[in-house]
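*Asks:* Sequence and predicted structure are below.
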There are 2 protein chains.
Amino acid sequence: MTENPSPRLFPIVNADVALFTLDDALRLRVLLIQRANRPDPGGWALPGGLLKPDRDDSLEAAARRVLADKTRVELPYLEQVATFSGPHRDPRGWSVSTLFYALLPADQVPAVAGSKTESIAWVDPEAPGRALGFDHGLMLPRALATLRAKVRDGALPLHLLPSHFTLTELQKASEAILGRPLDKAAFRRQLKSSGDLAAVPDLFVRGAQRPAQVYERAAGYRFGDGHVRNDT
Amino acid sequence: MTENPSPRLFPIVNADVALFTLDDALRLRVLLIQRANRPDPGGWALPGGLLKPDRDDSLEAAARRVLADKTRVELPYLEQVATFSGPHRDPRGWSVSTLFYALLPADQVPAVAGSKTESIAWVDPEAPGRALGFDHGLMLPRALATLRAKVRDGALPLHLLPSHFTLTELQKASEAILGRPLDKAAFRRQLKSSGDLAAVPDLFVRGAQRPAQVYERAAGYRFGDGHVRNDT
DNA sequence: GCAATAGTGTCTATTAGACAATATGGG
DNA sequence: CCCATATTGTCTAATAGACACTATTGC
């Protein structure tokens, strides 16, 4: 059915990433790039790139490599959303693209910069304000929905914050992701009982008010997929 | 771009399916096949096959085609689980495999048959009793977990049943999937309020007891991913 | 009536949300 | 003291689970 002038025996395989972060006003933002190369030069899209079997050990590794081209910061939290496929979603031919979402701590946003040939933009994921190439207009809502589901399930948006934070900051981050206000008392109850947080003894943020306890991720913080991470 | 890519430069792309159903004793079962072809002939695995860009319009279509090779019945409910990838999971080289799970109504199980060269087996997904080839031993628990999460979220195992059924049958099917008993009253409360079911007027199953109301899927039954299906 | 399963009512423990009250700093 | 924000307490509505009760058939 697909009469492609340069037919491929194998589909194109690539990895795309919806990289989320918080801006100065603690609003949820997602990274778009303005493509420099074919196809669709000048068009806006989620960052992504072809899988390189000789360099990547997995699609997730490919996604991390693509992100590394944009930033030098430590690898963010990254999770698979879904895989998109079809003969027409990429003008080069039959393609398969696995979408990931990733979370970048807000204080590392400045490390993400455009290049001489590629501009970047941090946009509202619910209103990107640009037409996105390929089927990225479908991808972005899926990534956002997956992220929100994880936040509701208690997997935490800790990864959008620096390593140390207050409960109010964490609540603001959660509200930014979910797009709605949360109740302070209920939010704190749930976190306290989750065991995912640890208070840092004798560390407080001071201001013109009662000092706020500083927290960090607990040693055995459990990820959304159930696995435990013990490092940073 | 390379004109004639070898399989080493482009990853192998295929689709695998965990096809679930209920056996006579209403136990959850998953389909395994004994492979006839390379690689791993004679080994047990989930049904799957290479994507054929000239014949498939999507990975999901490829999964349905693979299933159609095993059975002639109507296409079952099918949903993506995740995509597995890496240089070593398939002996032929770097490969990408998108896993789906599917639900086959119990009354259509007889339509699934082995071929002269391929045996089939319906096994307990929690204890397949055989070593599975590739990384299918990792895939199966993921598929089961995804299925169970959907059942808990209220998306229903209706697709394991014939088009008409009683609430007790539906409860037994749910219990088989989740692997634990459910409370009758709570189960019925939740279904009644979900709006996913419609009682069939004046249709009852009779036996040596009070007749059971027959139900069918409601017109606007909502799938797990939120989309509405109005056909069968 | 009796057995067997369908279907309902009710109590309780848990939880999310609303909202009020208290705590503790800076000025 | 006053302000601002942190932190905690409490009330309530909604819900899931346990469990018992009633309903309706075949025999």
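*Replies:* Received the coordinates, thanks.

*Asks:* alpha carbons only for contacts and neighbour counts from here, please
*Replies:* Will do.

*Asks:* Looking at chain A, which helix is longest?
*Replies:* helix A:136-152 (DSSP state H).

*Asks:* Establish whether that helix and DNA strand C are in contact.
*Replies:* No - if you take CA under 7 Å from any atom of the strand as the test, helix A:136-152 misses DNA strand C, and the best it gets is 9.2 Å.

*Asks:* Beyond that helix, next helix or strand please.
*Replies:* Remark: after helix A:136-152, the chain's next helix or strand is strand A:165-166, criterion DSSP states H and E.

*Asks:* what comes up buried for stretch A:120-135?
*Replies:* A:120, A:122, A:123, A:125, A:128, A:132, A:133, A:134, A:135 (16 or more other CA atoms under 10 Å in any protein chain shown).

*Asks:* out of these, which are inside strands?
*Replies:* When DSSP state E defines the strands, the subset of the buried residues of stretch A:120-135 inside them is A:120, A:122, A:123.

*Asks:* want to throw these into CSV with distance to residue A:104?
*Replies:* Putting these into CSV (distance: CA to CA, whole Å) gives the following:
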residue, distance to residue A:104
A:120, 15
A:122, 12
A:123, 14
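
*Asks:* Which single one of those is nearest to residue B:198?
*Replies:* For those, the residue nearest residue B:198 by CA to CA is residue A:123; the value is 43.7 Å.

*Asks:* Isn't that closest one up against residue A:27?
*Replies:* No - applying CA atoms under 8 Å as the test, residue A:123 and residue A:27 come out as separate, 9.6 Å apart.

*Asks:* Near DNA strand D, which residues of chain A are found?
*Replies:* So far as CA under 7 Å from any atom of the strand goes, chain A lies against DNA strand D at A:166-169, A:184-186, A:188, A:208-214.

*Asks:* Put the buried members of these into a ChimeraX selection.
*Replies:* To isolate the buried members of these in ChimeraX, using 16+ other CA under 10 Å:
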select /A:166,167,213,214
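
*Asks:* Let's see which of the residues of chain A next to DNA strand D end up in strands.
*Replies:* A:166, A:209, A:210, A:211, A:212, A:213, A:214.

*Asks:* Pull up the per-residue confidence for the second one.
*Replies:* In this prediction, residue A:209 carries a pLDDT score of 93.

*Asks:* do the one 3 residues further on as well
*Replies:* Each residue has a pLDDT score; the one for residue A:212 is 97.

*Asks:* Can I get stretch A:17-34 as CSV, trimmed to CA atoms?
*Replies:* Output in CSV follows, covering the C-alpha atoms of stretch A:17-34 (Å, rounded to 0.1, in the frame of the first residue of the first chain):
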residue,chain,number,x,y,z
VAL,A,17,11.7,13.1,24.3
ALA,A,18,9.2,15.5,26.0
LEU,A,19,11.6,17.2,28.5
PHE,A,20,9.6,18.9,31.2
THR,A,21,10.7,21.5,33.7
LEU,A,22,9.4,24.5,35.7
ASP,A,23,10.1,28.1,34.7
ASP,A,24,10.8,31.0,37.1
ALA,A,25,7.1,31.4,37.8
LEU,A,26,6.9,27.6,38.6
ARG,A,27,4.8,26.9,35.5
LEU,A,28,5.2,23.6,33.7
ARG,A,29,7.2,23.9,30.5
VAL,A,30,8.3,21.6,27.8
LEU,A,31,11.3,21.8,25.5
LEU,A,32,10.8,22.3,21.8
ILE,A,33,13.5,22.6,19.2
GLN,A,34,13.5,24.3,15.8
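
*Asks:* Mind listing what's buried along it?
*Replies:* Result for stretch A:17-34 [16+ other CA under 10 Å]: buried residues A:17-23, A:26-34.

*Asks:* Mind checking the pLDDT average for that stretch?
*Replies:* On average, stretch A:17-34 scores 94.

*Asks:* can you list contacts of it?
*Replies:* Contact partners of stretch A:17-34, identified using CA atoms under 8 Å, 6 or more residues apart in numbering or on different chains, comprise A:41-48, A:63, A:67, A:99-106, A:109, A:114, A:118-125, A:140, A:143, A:160, A:172-173, A:176-177.

*Asks:* Could you give me the ChimeraX syntax to select whichever of these are buried?
*Replies:* Selecting only the buried entries of the contacts of stretch A:17-34 in ChimeraX, with 16+ other CA under 10 Å as the criterion:
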select /A:42,43,44,45,46,47,48,63,67,99,100,101,102,103,104,105,106,109,118,120,122,123,125,140,143,160,172,173,176,177
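
*Asks:* Mind checking which of the contacts of stretch A:17-34 are in strands?
*Replies:* A:44-45, A:48, A:99-103, A:119-123.

*Asks:* ok, residue A:174 - contacts?
*Replies:* A:151, A:156, A:157.

*Asks:* circling back to that earlier point, so which of the ones in strands among the residues of chain A next to DNA strand D reach DNA strand C?
*Replies:* When these are checked against DNA strand C using CA under 7 Å from any atom of the strand, the ones in range are A:209, A:210, A:211.

*Asks:* Surely the last one is in contact with residue A:205?
*Replies:* Yes - look at residue A:211 against residue A:205 with CA under 8 Å: they come within range, at 5.4 Å.

*Asks:* bridging residues for residue A:166?
*Replies:* As for beta bridges, residue A:166 partners with residue A:214 under DSSP bridges.
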